[in-house]
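Trainee: Would you be able to build a 3D model of this:
(chains A and B)
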Amino acid sequence: MTAPATHGAATERRGLALPSSIDGTLVTLVLGAAILWFAPAGMGRYGTYVLSLWLVMSIAVMGLNLTLGYAGLKSLAQAAFMGLGAYATALLTSKLGLNWYAAFAISGLLTFAVGLVLGFPALRVQAHYLAFVTLAFSTLIWLILRNEQWLTGGVFGLSNIPRPSFLSVKLDGALEFHRFVVVVTFILAAALWWMIRSPWGRAFMALRENPVRAASLGVDTRMYTLLAFAIGSAYAGFAGALYAPLVEFIDPSPFSLSQSFFLLLMVVAGGSGYLLGPFIGALLGVVLPEWLRVVGSLYLIVFATIVMLLLIACPQGVSGLIERGWAKLTGKAGGR
Amino acid sequence: MKMQWILATALSAALGLPALAQDKVKLVDVVELSGAGATAGTNWKNGIDLAVADINAKGGILGKQIEITHYDTQTNPGNTRAAVQRAIDEGTYAVLGPVFSGPIGASMQIAQRAEIAQFVGGEAANLTMQGNKYLFRTSLSQTAAMPKIAAYLKNTVKAGSVAVVWVNNDFGKGGRDAILPELEKAGIKVAVDVATEQGQADFAADAIKVKNSNADAIFVYLNEEESARFLRAAKQQGVTKPMVGETTLLGSKVIELAGEAANGVKGHVGLSIDAPIPAFQEFGKKFQAKYNYVSDHNGLKGYMAVYMIKWATEKQKTFDKKGVADTLRGATIKPSDEPGIMIETTIEQNGDLDRESFLAEVKDGKQVITATLPKIKP
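Mentor: Numbering: from 1, shown residues only, chains lettered A, B, ... in the order given. Next up, the predicted model:
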């Protein structure tokens, strides 16, 4: 809470309605979904694709936000979980001809289950040791994706991944699929909103703030640690299940360790522990580099500079900045 | 009166602007400028810039200047797809790039759906096996190069067993999968099959594995930097058996980095600025003068890609996007018709290329061409 709140007339649409009241968050989600439903009009296929990619990454970041921002567990395996979901969906739909909805559910269940198994070490090790465990897991998954060519296509990847249909409507077009992504993202975000408000959410936050105290108050820390990690991983699986049909091609590179770091950056830059933070974080991570294409070959340098300045100016991410700005405007103290 | 003149000038300038814009043809290059593919991608990009500068200096294509834009893919399939989509939304006349096979696989359907020709630097065999009529290579595919290498190993090197060293990415894996059946057909035994990592720094263990296999020859299929490191490690470990490879093993970058260790390396070269073709050597000099380093085969590929577009457009005499692909399929471009193509190139129906290639050897720190191999279907 020490950083100055001077920078940033942040005009982020979602952020404007981010008062301390959580119901404002839900209103923002509904409004955001409605706007995004119509947003691609006149944007062309490229703009629509980038919007869809942004939402898909937001889902993965939402999951990591739950693990890191709410439960305080540092995971470096989010991209690996996303890869598990993406490959599971791609294989089930393109090789076995399963329908996408079943593949989506299986991807979520699979990553949830693997998250549970991987979460066990989280009970024994804390902080950076957990990061090491997840780092090892991330590398392991990447090696499997790359080397088990009979299953995953290895370095050549899997292509021609079919897009789902809704009732009898084909979602092959960019706009149709974008709207589908908007709906799925909204449902997942609303589910998370509900979860955070529930006793579960409070238990997750208690884990982050003071695990010993949480345990003394009767919170089953073992169960909640596992749940936070597994649910966060399942969100990565859901994101992967959307990523595969969006790009229609997957290979191991988007699920490597460096991508896990990038997802972590999105959580922190967006504001960890804020429900809308992941959307802002993913906006910075996915859409900002595309906007910066006008500056030509310097765009990665400009991007890195913006992110660094942002983190210096507001260590709590954009959401923290907006919250403090809002508190100043209304004269109220902000809360999470 | 003066005011009227100013107004008239301003008006004509304003009216003139769109006319000026119409005098340009837009090309977008979508390529690996950061990430794992940055070395290959930068060569490709510079080759394209060189070709565009040359063509524009000579009046452009059908009188229109080329306006080139480069988009970085970060060597990431998702970003590549976005960039190719953007290129098409912006009305590019044709898509240039990418170079790595994974990103090509992720983006080729978009150009195909838009019926726009895409010129890629990838060599992996499977790219042209998917019935995409808008995808064109700019170099020989691995399926075309590997039989030549197997024949060379059998007839010239007279190897009975070979150690295969490859890099585990789409390029290396594709090459390995293409050479193994060819070796079997030639009756050559694979003594040891060594997978290495992209970006690997220490090849000592791999060199020892190769040495212990006691193979008659070593087939090295790594990217440029890794090739140089492997050659150095092999020399340190006292590996004396002949090293045979493809374009990447004999590249100028490898010779520069490996120094002494590169001497004696032999192999098959698709495109090389050292080939006994004056146009290639001239390209090499121009490239060196402009960018102050020696171009590898990706620079040549990028350069030729632009000239393939120029040739097709001048042949069809109009800027018809779909027509570019239709005109190129099955065509043979001769340097006498289009000097920029540098070497007679036949484009097959599936987008593969057929052209002459070379056998080369590194002697005293220089690549020397020892033989010219004819086209597969002369």
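Trainee: With the flanking residues excluded, which residue is spatially nearest to the residue of the stretch 101-250 of chain A found nearest chain B?
Mentor: Closest contact between the stretch 101-250 of chain A and chain B, by CB to the nearest CB, is at A:Phe249 (3.9 Å). In short, each C-beta sits where N, CA and C put it, glycine included. Among residues not flanking A:Phe249 along the chain, B:Ala106 sits closest, at 3.9 Å (CB to CB, 6 or more residues apart in numbering or on different chains).
Trainee: so that neighbour makes contact with A:Leu246?
Mentor: No: in this structure, B:Ala106 is not within contact of A:Leu246 by CB atoms under 8 Å, at 10.9 Å.
Trainee: Looking at these two, which one has more neighbours?
Mentor: It is B:Ala106, of B:Ala106 and A:Leu246, that has more neighbours when counted by other CB atoms under 10 Å in any protein chain shown, with 29 against 24.
Trainee: avg pLDDT for whichever strand or helix holds the more buried one?
Mentor: Taking DSSP states H and E as the definition, B:Ala106 sits inside helix B:101-113. Averaging pLDDT along helix B:101-113 yields 88.
Trainee: by contact count, what packs against that helix?
Mentor: strand A:158-159, strand A:249-250, helix B:77-89, strand B:118-120, strand B:135-137, helix B:170-185 (3 or more CB pairs under 8 Å, 6 or more residues apart in numbering or on different chains; DSSP states H and E).
Trainee: got the contact list for the fourth one?
Mentor: Spelled out, that is strand B:118-120. Applying CB atoms under 8 Å, 6 or more residues apart in numbering or on different chains, the contact partners of strand B:118-120 are B:84, B:94-99, B:104, B:107-108, B:111-112, B:127, B:134-138, B:305, B:308-309.
Trainee: Need the winner for burial among the helices and strands packed on helix B:101-113.
Mentor: Mean neighbour count (mean count of other CB atoms under 10 Å in any protein chain shown) peaks for strand B:118-120 among the helices and strands packed on helix B:101-113, with a mean of 29.
Trainee: quick check: mean pLDDT across that one?
Mentor: 97.
Trainee: in its sheet, what does that strand sit against?
Mentor: For strand B:118-120, sheet partners with direction are given as strand B:95-96 (parallel), strand B:135-137 (parallel), following DSSP bridges.
Trainee: so how far is it off the chain centroid?
Mentor: Offset of strand B:118-120 from its chain centre (CA atoms, centre = their mean, to the nearest Å): 10 Å.
Trainee: And stretch A:300-317, by the same measure?
Mentor: Its chain's C-alpha centre and that of stretch A:300-317 lie 19 Å apart, by CA atoms, centre = their mean.
Trainee: would you list every one of the strands in chain A?
Mentor: A:158-159, A:165-166, A:169-170, A:249-250 (DSSP state E).
Trainee: Which of the ones you listed sits closest to A:Tyr129?
Mentor: Closest of those to A:Tyr129 is strand A:249-250, at 30.9 Å (criterion: CB to CB).
Trainee: distance of the residue of the stretch 151-300 of chain B found nearest chain A from B:Ala36?
Mentor: Nearest to chain A, among the residues of the stretch 151-300 of chain B, is B:Asp170, at 4.3 Å (CB to the nearest CB). Going from B:Asp170 to B:Ala36 by CB to CB, to the nearest Å gives 10 Å.
Trainee: what's the overlap in contacts for these two?
Mentor: Counting by CB under 8 Å, 6+ apart, the contacts common to B:Asp170 and B:Ala36 are B:Phe100.
Trainee: Report the buried residues of stretch A:116-126.
Mentor: For stretch A:116-126, burial by neighbour count (16 or more other CB atoms under 10 Å in any protein chain shown) applies to A:Leu116, A:Leu118, A:Gly119, A:Pro121, A:Ala122.
Trainee: And the fourth one, how far from A:Ala71?
Mentor: This points to A:Pro121. With CB to CB as the criterion, A:Pro121 and A:Ala71 are 15 Å apart.
Trainee: cool, the third one as well?
Mentor: From A:Gly119 over to A:Ala71 the distance is 10 Å, taken as CB to CB.
Trainee: list residues touching both of those two?
Mentor: Going by CB under 8 Å, 6+ apart, residues that sit against A:Gly119 and also against A:Ala71 are A:Thr225, A:Phe229.
Trainee: I figured B:Thr39 hits B:Glu224, correct?
Mentor: Yes: with contacts counted by CB under 8 Å, B:Thr39 reaches B:Glu224, the gap being 6.7 Å.
Trainee: Ramachandran coordinates for the residue lying closest to A:Ser319 once chain neighbours are set aside?
Mentor: Once flanking residues are discounted, A:Ser319 sits nearest to A:Gly271: 2.7 Å by CB to CB, 6+ apart. Here is the backbone geometry of A:Gly271 (degrees, to the nearest 10): phi 120, psi 100.
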